[in-house]
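>>> this is a predicted model, with the sequence first.
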There are 2 protein chains.
Amino acid sequence: MTNPQSQTQTRRVRGPYRSGIRRRAQIIDKAVEVFSEYGYRASTIREIADRAGITPAAVLKHFGGKEQLLLEVLRVWDEKQVDAPRRHTGLAAVRGVRDRMVWHTEHPGLLEVYLTLATEATDPSHPAHPFMVMRYARTQRNFEEWLAEAEELGEIRPMDPATRRYEANNLLAVLDGIEIQWFLTPQIDLVGHVTRYIESSIERWQA
Amino acid sequence: MTNPQSQTQTRRVRGPYRSGIRRRAQIIDKAVEVFSEYGYRASTIREIADRAGITPAAVLKHFGGKEQLLLEVLRVWDEKQVDAPRRHTGLAAVRGVRDRMVWHTEHPGLLEVYLTLATEATDPSHPAHPFMVMRYARTQRNFEEWLAEAEELGEIRPMDPATRRYEANNLLAVLDGIEIQWFLTPQIDLVGHVTRYIESSIERWQA
DNA sequence: GTCTATAAATAGATAGAC
DNA sequence: GTCTATCTATTTATAGAC
């Protein structure tokens, strides 16, 4: 309906690709809502199904189980977010974190799923535990690489590896921590705070 | 049994004060464990009761309901922690945050309850929401006051109120964020990181 | 693709015996 | 103070009709 191509090629586009993917996307969308409000374990398939206007059985037909639905939600979120700052290097990449925060404020449901799971999935038996550990390691590595690039480009003064790791961990901590504050007391200026932290950090790295 | 006084004054010490408070404390202890593993909503009274070696009915007799048990856990945690850095002022109080982190690493269960609820209680309908909002506001205010004291004592250079608030929020964010990282990847040096952040912040405030 | 019906397990909570 | 027994509601998940 939204895609004009489906008028001419309607015969070749089928299987789970006509209304199926739309329904799937809708379920994921509602799952994001519910997971973000209750966390994973306390969320119910019934609640997700109700908001999607279908029955729990239909949801399970689509995803097989509650756990697979969660992992699908995480996969989609990760996929959408990962490309954004990839085009930049060095300090430009670090400054690109600001854009990521803007995107987060525009998708608070997804952000809340991520934050809720970051603490809930602390338990190694949690289905999202491997994903969260991987994601933190990757983010931390990205930050370190950007700092190393900035050094090579002469944008900042050299620092030893331990300091680089410290700065990467600290940036990641500030992002998570300030996002928690933003959810608890929404009057905080999330993007403004992060921008200020990044710019003052860059000044430190250059001094 | 552990208190020799109960031999001589056993008649005057009774009501909920002989074995009752010990049982209560034990239940709270196990509740901390379970809440920290599953979050509040997904935790079950049965699991808490099992770990305490009693039945769910007994737990409910003690606390009335699941929600009241949670609030009691939070009350105890808050009570134990609030006094520690109160004896210091200015920079000494800021540096006292380090001791708080040491205490946190020694009580990971309580810390995890707090972190889990910080995100889970984002939902305004969560029973711990008012508590968490209050606690964040109070911590933030404390940090700001310590900075103002440090200025008056001439320990750091004056800063405008907006900067003071920014620094307070950032410190709080770093603490929360680095704690999350510590739970997900325990090899991180929690106390070392916080100490480094505090000391380098003080240098900035003095420069 | 979605439904109804239902299974099997588990939840919070209450009543009443001891 | 703790138990057993029980209630009522809700959970994930499956089977099979449409």
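Received, thanks.

>>> and chain A, which residues reach chain B?
Within chain A, the positions lying close to chain B (C-beta under 8 Å from any C-beta of the partner chain) are A:37-39, A:41-42, A:112, A:115-116, A:118-123, A:132-133, A:136-137, A:166, A:169-170, A:172-178, A:180-181, A:183-185, A:188, A:193, A:196-197, A:204. The C-beta positions use only the backbone N, C-alpha and C, and glycine is treated the same way.

>>> pull out the buried residues from those residues.
Burial by neighbour count, 16 or more other C-beta atoms under 10 Å in any protein chain shown: within the residues of chain A next to chain B this picks out A:37-39, A:41-42, A:112, A:115-116, A:118-123, A:132, A:136, A:166, A:169-170, A:172-178, A:180-181, A:183-184, A:188, A:193, A:197.

>>> which ones among those lie within helices?
Using DSSP state H, the members of these that fall within helices are A:37-38, A:112, A:115-116, A:118-120, A:132, A:136, A:166, A:169-170, A:172-178, A:180-181, A:183-184, A:193, A:197.

>>> what's the burial count for the residue nearest to residue A:43 when sequence neighbours are not counted?
Beyond its immediate neighbours in the sequence, the residue positioned closest to residue A:43 (C-beta to C-beta, 6 or more residues apart in numbering or on different chains) is residue A:34, lying 4.8 Å away. A count of neighbours around residue A:34, defined by other C-beta atoms under 10 Å in any protein chain shown, yields 24.

>>> please enumerate the helices of chain A.
With DSSP H, the ranges of helices along chain A come out as A:5-8, A:20-38, A:45-52, A:56-63, A:66-82, A:90-95, A:97-106, A:108-120, A:129-152, A:161-184, A:190-206.

>>> now render those as a markdown table, adding mean pLDDT.
Formatted as a markdown table, those follow (pLDDT from 0 to 100):
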| stretch | mean pLDDT |
| --- | --- |
| helix A:5-8 | 43 |
| helix A:20-38 | 94 |
| helix A:45-52 | 97 |
| helix A:56-63 | 96 |
| helix A:66-82 | 90 |
| helix A:90-95 | 97 |
| helix A:97-106 | 95 |
| helix A:108-120 | 94 |
| helix A:129-152 | 97 |
| helix A:161-184 | 98 |
| helix A:190-206 | 98 |
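
>>> and those helices, which is most packed in?
Using mean count of other C-beta atoms under 10 Å in any protein chain shown, the stretch among the helices of chain A with the largest mean neighbour count is helix A:108-120, at a mean of 24.

>>> and it, how far from the chain's centre?
Once both centres are worked out by C-alpha atoms, centre = their mean, to the nearest Å, helix A:108-120 turns out to sit 8 Å from its chain's centre.

>>> ok, stretch A:166-185 next?
Mean C-alpha position of stretch A:166-185 versus that of the full chain (C-alpha atoms, centre = their mean) differs by 14 Å.

>>> and stretch A:192-207, how far out from the chain's middle?
Put simply, stretch A:192-207 sits 23 Å off its chain's centre (C-alpha atoms, centre = their mean).

>>> before we move on, the earlier item: could you export the helices of chain A to TSV, including columns for distance to DNA strand C?
As requested, the helices of chain A are arranged in TSV below (distance: least, C-beta to the nearest atom of the strand, whole Å):
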stretch	distance to DNA strand C
helix A:5-8	15
helix A:20-38	3
helix A:45-52	7
helix A:56-63	3
helix A:66-82	13
helix A:90-95	40
helix A:97-106	28
helix A:108-120	16
helix A:129-152	20
helix A:161-184	24
helix A:190-206	34
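
>>> TSV for those, including distance to residue B:96?
TSV is the format used below for the helices of chain A (distance: least, C-beta to C-beta, whole Å):
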stretch	distance to residue B:96
helix A:5-8	65
helix A:20-38	35
helix A:45-52	44
helix A:56-63	49
helix A:66-82	38
helix A:90-95	32
helix A:97-106	31
helix A:108-120	25
helix A:129-152	28
helix A:161-184	19
helix A:190-206	23
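
>>> kindly report the residues of chain A close to DNA strand D.
A:43, A:44, A:45, A:46, A:47, A:56, A:57, A:60, A:64, A:65, A:66, A:67 (C-beta under 7 Å from any atom of the strand).

>>> ramachandran coordinates for the first one?
To tie it back to what came earlier, the one meant is residue A:43. Dihedral pair for residue A:43: phi -80, psi 150, per degrees, to the nearest 10.

>>> burial of it, as a residue count?
Using other C-beta under 10 Å, residue A:43 has 23 neighbouring residues.

>>> the nearest residue to residue A:176 once chain neighbours are set aside and residue A:53, how far apart?
Setting aside the residues directly before and after it, residue A:176 is nearest to residue B:177 in space (C-beta to C-beta, 6+ apart), at 4.0 Å. When C-beta to C-beta, to the nearest Å is the yardstick, residue B:177 and residue A:53 sit 38 Å from each other.

>>> what of residue A:91?
As defined by C-beta to C-beta, residue A:91 lies at a distance of 47 Å from residue A:53.

>>> list of residues touching stretch A:53-66?
A:23, A:24, A:27, A:43, A:45, A:46, A:48, A:49, A:52, A:69, A:72 (C-beta atoms under 8 Å, 6 or more residues apart in numbering or on different chains).

>>> could you tell me the end-to-end distance of that stretch?
Using C-alpha to C-alpha, to the nearest Å, the span of stretch A:53-66 from its first residue to its last is 17 Å.

>>> distance between it and the chain's centre?
For stretch A:53-66 - counting by C-alpha atoms, centre = their mean - the centre lies 24 Å from the chain centre.

>>> confidence score at residue A:84?
Predicted confidence (pLDDT) at residue A:84: the value is 61.

>>> picking up where we left off before, the residue nearest to residue A:176 touches residue A:175, doesn't it?
Yes. In this structure, residue B:177 sits in contact with residue A:175. The criterion is C-beta atoms under 8 Å, and the distance is 6.9 Å.

>>> that older thread, which stretch among the helices of chain A comes nearest residue B:106?
Of all the helices of chain A, the one in closest proximity to residue B:106, counting by C-beta to C-beta, is helix A:108-120 (19.4 Å).

>>> which strands and helices sit next to the closest one?
Helices and strands in packing contact with helix A:108-120 are listed as helix A:20-38, helix A:66-82, helix A:97-106, helix A:129-152, helix A:161-184, helix B:108-120, helix B:161-184; criterion 3 or more C-beta pairs under 8 Å, 6 or more residues apart in numbering or on different chains; DSSP states H and E.
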